[in-house]
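S.K.: with the input below, show me the fold.
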Amino acid sequence: MSNHTMSAFDADLSRIRSEVIDMGDQVEKAVRGAVAALTKRDLDAAETLIRLDAEIDTRQREIETNVVETIARRQPFAVDLRELVGAFHVVNALERIGDLAKSICKRVVIMEGPPPAKLLRGIQRVSIPVLRQLGLVLDSYAERDAAKALCVWSSDKEIDDAHGSLLRELLTHMMEDPRNIVFCTHLLFCSKNLERMGDHTTNIAESVHYMVAGQRLSGDRPKAEDLSFLCLRSLAGARSPARA
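M.R.: Numbering: from 1, shown residues only. Model prediction:
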């Protein structure tokens, strides 16, 4: 490969890295905005973020196209190929996180009145580690830091625990008064969306670690039990006629 060709390839890689980092910043702002719109019940902000999700989708498609064209044109191998494939996987996960933020905003728009402050504090307890992990995994990509990626991959249980704690609170409110069921269900799905964001950050961490270290993370990442189905099943059982 000539010096000119290598220089052009380096420019392609640099551009794609920059585009991925910019998309990550945009997605992180969308998640922060969605949480703020929910906790403050800001309908205008929620509707704005719903519309802006199309920009995230467009950016994902553009980056994926650039990655495919660069692979076809440059035929990279080893670390360069891992970087391009990693970028492809990272933007896919980022787009899904953006979709989950949009889903939270849609819930904000259709909610009838603000939920109790206590339950909103529960949402914040879930969102804090999600945003921390998202910021850390974006740093790991920008800095090519496999250790940070491993830290994110190993810390998903904290998000699961916060999610499970909130679901138990929501279940209690629903069982105490059926009038709480509608808004608690909205919050249940919002919390689940945040928990899924945590899963996608760990997927990004796996891609970054492989991209940098050339080794896939082995074993199952620490994971708490998903209580969503159990909570809904318990609620249904509480409302069904007593068995003889």
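S.K.: elements contacting whichever strand or helix holds Ala101?
M.R.: Here Ala101 sits within helix 78-110, counting by DSSP states H and E. Using 3 or more CB pairs under 8 Å, 6 or more residues apart in numbering; DSSP states H and E, the elements in contact with helix 78-110 are helix 3-40, helix 43-74, helix 181-213. Using the backbone N, CA and C atoms, a C-beta is placed for each residue, glycine as well.
S.K.: comparing those helices, which comes out most buried?
M.R.: helix 181-213 (a mean of 22; mean count of other CB atoms under 10 Å).
S.K.: what separates that one from the chain centre, distance-wise?
M.R.: How far helix 181-213 lies from its chain's middle: 4 Å, per CA atoms, centre = their mean, to the nearest Å.
S.K.: what packs against that helix?
M.R.: The helices and strands touching helix 181-213, judged by 3+ CB pairs under 8 Å, 6+ apart, are helix 3-40, helix 78-110, helix 117-143, helix 146-154, helix 156-176, helix 228-239.
S.K.: gap between Asn180 and Thr172?
M.R.: 9 Å (CB to CB, to the nearest Å).
S.K.: so those two - more neighbours on which side?
M.R.: Between Asn180 and Thr172, counting by other CB atoms under 10 Å, Asn180 is the more crowded of the two (18 against 12).
S.K.: so which residue is smack in the middle of this structure?
M.R.: Met197 (2.4 Å; CA atoms, centre = their mean).
S.K.: what pLDDT is listed against that one?
M.R.: You'll see Met197 listed with a pLDDT of 98.
S.K.: quick check: it touching Glu95?
M.R.: No: if you go by CB atoms under 8 Å, Met197 and Glu95 don't touch, sitting 12.0 Å apart.
S.K.: mind listing the shared neighbours of the two?
M.R.: Common neighbours of Met197 and Glu95 (criterion: CB atoms under 8 Å, 6 or more residues apart in numbering): none identified.
S.K.: I appreciate the help and will end here.
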